[in-house]
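> sequence and predicted model, in that order:
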Amino acid sequence: MPEIVMIACAAMNDVIGNGPDIPWSIREEFQHFAELTRGAPCILGDITYESLPPKSKPLPGRENIVLTLDPQYNPEGVTLFRDFDEAMDYARGLTSPRAFICGGASIYRLGMPIADTLELTRLDRDFEGDVTFPTVDPREWRLEKTRKASGLDRISGETVGFEYQTWRRKNSG
């Protein structure tokens, strides 16, 4: 059964989006996401999937498991589910060592109680937005590893510092 990993990039104020858009564009963070998820199934909601650049749909080199409540929604090249638990049962049955929950906010909220690991990039500043990542409760999670980095935000033109964080659920091996 694969390890269930939630992967996200969040500002200091937990913002992960502004409507369907990410309020930053940092090449190093996108590369980090691509490196960690390459070859693994990625579970994401339909709004998050639709927000991907056209050349990245479906995410290359990964099985894209997309959740939607829209009965008319049926993009090509994805494995589609209308129920989170069914999607997770499917992902748990795959041979991949890891399956990634890639957002958005409602998918992260559903995934938080069942995830084994969080791969969280924490930006060192607040961003404006209306979509947030769930709170990481230190009673349930332990910070296992960190690595500082920085990159140019192609939207603001400013250099943004951030920290790659790996969190493990305290009650898991």
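Here it is on my side, so go on.

> tell me where this protein has strands.
3-10, 15-17, 42-45, 64-67, 79-81, 98-101, 117-123, 131-132, 141-152, 159-169 (DSSP state E).

> who does the second one pair up with?
Listed by DSSP bridges, the sheet partners of strand 15-17 and their directions read strand 131-132 (antiparallel).

> okay, now the closest residue in space to L69 that isn't next to it in sequence: neighbour count?
Spatial nearest neighbour of L69, chain neighbours left out: R82 (6.2 Å); criterion: C-beta to C-beta, 6 or more residues apart in numbering. The way it works is simple: take the backbone N, C-alpha and C, and place the C-beta from them, glycine included. Look at R82: counted by other C-beta atoms under 10 Å, it has 12 neighbours.

> for F81, give me its contacts.
65-68, 87, 90 (C-beta atoms under 8 Å, 6 or more residues apart in numbering).

> just G45 next, same as before
Residues in contact with G45 (C-beta under 8 Å, 6+ apart) are 66-68, 103-104, 106-107.

> go with 7 Å
Listed by C-beta atoms under 7 Å, 6 or more residues apart in numbering, the contact set of G45 reads 67, 103-104, 106-107.

> cool, I114 as well?
4, 88 are the contacts of I114 under C-beta under 7 Å, 6+ apart.

> would you agree W167 is in contact with E140?
No - counting by C-beta atoms under 7 Å, W167 does not reach E140; the two are 9.2 Å apart.

> more crowded one of the two?
W167 (21 against 12).

> look up how far Y108 lies from the more buried one.
Plainly put, W167 is 13 Å away from Y108 if you go by C-beta to C-beta, to the nearest Å.
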